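Predicted coordinates and the sequence they were generated for:
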Amino acid sequence: MTAYILDGYNVIRSVDLLATGPLRDQRDRLLRFVEDRRPQGNAEVIVIFDGRADVSGPRWGGPTRVIYSDGEADPHLKRLVDERQN
């Protein structure tokens, strides 16, 4: 199955519309965009954010898989990509 793995904060910082207001609102806007518009079709979407989930508020309830890295997201991104190549 195809999966899109996104570094959430990199995407947010790249899109002015997403990068305004409180951080939690920025994350929610990104996740709502992905779920409402489904630019990925039916492919799985995984969004990784640097940091801890308890700082961000409640867990995301939609179909997009959200991971909080509890540190830098890059090692988690690499691991997920490597797992899907096998």
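That came through, no problem. Quantities reported herein were computed from a predicted structural model and do not represent experimental measurements.

how close does R27 sit to G51?
Remark: distance between R27 and G51 (CB to CB, to the nearest Å) = 10 Å. Every residue, glycine included, has its C-beta placed from N, CA and C.

got the contact list for V81?
I5 (CB atoms under 8 Å, 6 or more residues apart in numbering).

Three-state assignment for it, please.
helix (DSSP: H, G, I helix; E, B strand; the rest coil).

who has more neighbours, R27 and G51?
With neighbours defined as other CB atoms under 10 Å, R27 and G51 compare such that R27 has more, 21 against 16.

right, and the more buried one touches F49 too?
Yes - at 6.4 Å, R27 and F49 qualify as touching, with contact defined as CB atoms under 8 Å.

Tell me the helix or strand right after the helix or strand bottoming out on mean pLDDT in the chain.
Lowest mean confidence among the helices and strands of the chain (mean pLDDT, DSSP states H and E): helix 53-56, at a mean of 60. Using DSSP states H and E, the helix or strand that follows helix 53-56 in sequence is strand 65-68.

pretty sure T2 contacts V45?
No - at 9.9 Å, T2 does not count as touching V45 under the criterion of CB under 8 Å.

Name the residues of the longest helix along the chain that come out as buried.
Across the chain, the helix with the greatest residue count (assigned by DSSP state H) is helix 23-37. Of the residues in helix 23-37, 26-31, 33-34 count as buried by neighbour count, 16 or more other CB atoms under 10 Å.

same check, this time on stretch 11-27
Those would be 11-12, 18, 26-27, for stretch 11-27 by 16+ other CB under 10 Å.

distance between the ends of that stretch?
Terminal residues of stretch 11-27 are spaced 10 Å apart (CA to CA, to the nearest Å).
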